[in-house]
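In: predicted model follows, preceded by the sequence.
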Amino acid sequence: MEVGVRVTVAGKKGVVRFFGETRFAQGEWVGVELDAPDGKNDGTVNEVEYFKCADKHGIFVRKVQVRVDRTAAAAKPTAKPAAAAEPAAKPTSSIPKPASTRSGIPAA
């Protein structure tokens, strides 16, 4: 699974923005930015930012739930990460740090 690929999840179209392990559940997850506000988040789960998108446009699913749209060209990320921030849309196998610790403020 590659970041930037157009996909369909349960009939909803979107773009893969994250692939890897998370802090909210074991195993590999696919973070998808949906075209419509049919999701559950903005790419952040439990204060950990995995990618950025508009509210209700983000969803995390298992790879088996994702169907690659072979007719569409790969999509480019909608926003560039801030210079000081870690790249949120980069595929990773490591678990991102909570947003509060990246800013230098210890997590509670």
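Out: All right, it came through fine. Worth saying up front: this structure is predicted, and the values here are computed from it rather than measured.
In: which neighbours in the sheet does the longest strand along the chain have, and how are they oriented?
Out: Criterion DSSP state E: the longest strand present in the chain is strand 12-21. If you go by DSSP bridges, strand 12-21 pairs up with strand 6-9 (antiparallel), strand 28-34 (antiparallel).
In: please work out the average pLDDT along the last one.
Out: The average pLDDT for strand 28-34 rounds to 98.
In: using PDB, write out every CA atom in that strand.
Out: Only the C-alpha atoms of strand 28-34 are listed here, as PDB (Å, rounded to 0.1, in the frame of the first residue of the first chain):
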ATOM      1  CA  GLU A  28      -0.900  -2.200  10.200                       C
ATOM      2  CA  TRP A  29      -3.600   0.400   9.400                       C
ATOM      3  CA  VAL A  30      -4.400   2.500   6.300                       C
ATOM      4  CA  GLY A  31      -5.300   6.100   6.900                       C
ATOM      5  CA  VAL A  32      -7.500   7.400   4.100                       C
ATOM      6  CA  GLU A  33      -8.500  11.000   3.300                       C
ATOM      7  CA  LEU A  34     -12.000  10.600   1.900                       C
END
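In: which residues are contacting it?
Out: 1, 7, 9, 12-22, 39, 43, 50-51, 53, 57-63, 65-66, 78 (Cβ atoms under 8 Å, 6 or more residues apart in numbering). Quick note: C-beta positions are derived from backbone N, CA and C, even for glycine.
In: what does the helix or strand following it contact?
Out: Next helix or strand after strand 28-34 toward the C-terminus (DSSP states H and E): strand 44-45. With contacts defined as Cβ under 8 Å, 6+ apart, strand 44-45 is touched by Thr22, Arg23, Phe24, Tyr50, Gly58, Phe60, Ala99.
In: how about a markdown table for the residues you listed, with distance to Glu33 and secondary structure added?
Out: Shown next, in a markdown table, are these (distance: Cβ to Cβ, whole Å; DSSP: H, G, I helix; E, B strand; the rest coil):
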| residue | distance to Glu33 | secondary structure |
| --- | --- | --- |
| Thr22 | 16 | coil |
| Arg23 | 19 | coil |
| Phe24 | 17 | coil |
| Tyr50 | 11 | coil |
| Gly58 | 6 | strand |
| Phe60 | 11 | strand |
| Ala99 | 18 | helix |
